[in-house]
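>>> Show me how the following folds:
(one chain, ligands or ions: 1)
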Amino acid sequence: MAKVYIALGANLGDPVQTLKDALLELASGPALQQLRASSLYRSKPMGPADQPDYVNAVVTATTELEPLALLDYLQAIEQQFGRQRLRHWGPRTLDLDILLVDDLVSTSERLTLPHPGLSERDFVVVPLAELAPTLVLPNGQTLQQLKQSMQHHDLVKIS
Ligand SMILES: CC1(C)Nc2nc(N)[nH]c(=O)c2N=C1O
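Prediction:
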């Protein structure tokens, strides 16, 4: 069994409702157990600014699925929510990104762990630190060190 951390993000349609529905989907499906969710946060887009603000959250859970099977499961849920990604770093209906699987460090065509954007995304680090304040990343860095080292966008806690 593995302990996983998954980032959720949305900025099309009704992102708050989308994340709430996605959290219900993740909690009710067979793949994840002991699911815990962070608060929801609103933030300005990182990257192209000509798009709506994002709503982000992070969940932690345990799973029997291997990483690529978990990726398949999450991508199926993204499709279920009508995943639209019109351009790279453009607006999207729902993103489900695997951040961490235990202390696994691996790079493959489909999946890099830990998520390569983790350390520079406050919209990931802040909710992650809410869930796991004492987390130590596979490279030995603590989440608190990471959180202190990054400038904070205007992350606003929604719920
Ligand atoms: C386009 C890019 C990099 N910017 C983002 N910016 C924010 N604030 N939140 C996201 O989830 C997000 N996702 C992305 O993929």
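>>> Number of residues surrounding Q34?
Burial of Q34 is recorded as 10 neighbouring residues (other C-beta atoms under 10 Å). From N, CA and C alone the C-beta is placed, and that goes for glycine too.
>>> Next one, pLDDT for the residue of the chain found nearest the ligand please.
For the chain, the residue positioned closest to the ligand under C-beta to the nearest ligand atom is G9, at a distance of 2.8 Å. pLDDT for G9: 97.
>>> List the beta-bridge partners for it.
N56, D95 (DSSP bridges).
>>> A37 too?
On the basis of DSSP bridges, A37 takes part in beta bridges with V59.
>>> contacting residues for it?
Counting by C-beta atoms under 8 Å, 6 or more residues apart in numbering, A37 touches L23, A57, V58, V59, L131.
>>> let's see it at 10 Å
Residues in contact with A37, defined by C-beta atoms under 10 Å, 6 or more residues apart in numbering, are 6, 8, 19-20, 22-23, 26-27, 57-61, 127, 130-131, 159.
>>> now do R85
Here R85 is in contact with L12, E78, P91, R92, T93, L94, D95 (C-beta under 10 Å, 6+ apart).
>>> For it, give me phi and psi.
Main-chain dihedrals, R85, degrees, to the nearest 10: phi -130, psi 100.
>>> Touching the helix or strand bottoming out on mean pLDDT in the chain from outside, list them.
Considering only helices and strands, the least confidently modelled element of the chain by mean pLDDT, DSSP states H and E is helix 143-149, at a mean of 91. The list of residues contacting helix 143-149 from outside it, by C-beta under 10 Å, 6+ apart, reads 118-120, 122, 124-126, 128-137, 141-142.
>>> Give me the buried entries from the residues you listed.
Among these, those buried by neighbour count (16 or more other C-beta atoms under 10 Å) are 118-119, 122, 124-126, 128-132, 135, 137.
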